[in-house]
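J.: The following comprises the amino acid sequence and a computationally predicted model.
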Amino acid sequence: MKYKEEGRILLAEFDDFILLNIYFPSGANSDKKYPGQMLHHKLMFYDRFLNLTEFLSSSGENLLISF
């Protein structure tokens with residue numbers, strides 16, 4: 001997963017559920033050379049996070065999500 005290196009998603013598997021601890025990107029852009037780059041990164045993260053949770057949920061897993 002692309003964001004694994006950033007430590008943004010920590011996943012712990014237990015007998016009855018999967019715990020996801022999430023650190024969401026802010027989307028704030030501090031680099032004036034590339035406006036919108038961080039917002040794009042944030043939106044891509046949200047898309048990947050949604051895909052992950054839909055996959056786990058459709059697999060019958062109980063999810064607990066912590067922000």
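T.: Alright, I've got the coordinates.

J.: the helices in this structure, which residues?
T.: Ranges of helices within the chain are 37-58, based on DSSP state H.

J.: Spatially central, which residue of it would that be?
T.: Phe49 (4.0 Å; Cα atoms, centre = their mean).

J.: unless I'm mixing things up, Asp16 is touching Asn62, no?
T.: Yes - applying Cβ atoms under 8 Å, one finds Asp16 in contact with Asn62, separated by 6.2 Å. (Glycine included, C-beta is placed from N, CA and C.)

J.: neighbour count winner among the two?
T.: Asn62 (11 against 7; other Cβ atoms under 10 Å).

J.: For the more buried one, give its distance to Phe55.
T.: 14 Å (Cβ to Cβ, to the nearest Å).

J.: again, but for Leu11
T.: Using Cβ to Cβ, Leu11 is found at 12 Å from Phe55.

J.: more crowded one of those two?
T.: Set Leu11 next to Phe55 and count neighbours by other Cβ under 10 Å: Leu11 wins out with 14 against 10.

J.: what's across from the more buried one in the sheet?
T.: Leu20 (DSSP bridges).

J.: Tally up the residues packed near Gln37, please.
T.: 13.

J.: What of Tyr23?
T.: Neighbour count of Tyr23, defined by other Cβ under 10 Å: 13.

J.: contacting residues around the residue lying closest to it once chain neighbours are set aside?
T.: Distances taken as Cβ to Cβ, 6 or more residues apart in numbering place Arg8 nearest to Tyr23, at 4.8 Å, with adjacent residues excluded. If a contact means Cβ atoms under 8 Å, 6 or more residues apart in numbering, then Arg8 has Ile22, Tyr23, Phe24, Pro25, Phe45 as its contacts.

J.: Where does the prediction get shaky in the chain?
T.: 1-7, 29-35 (pLDDT under 70).
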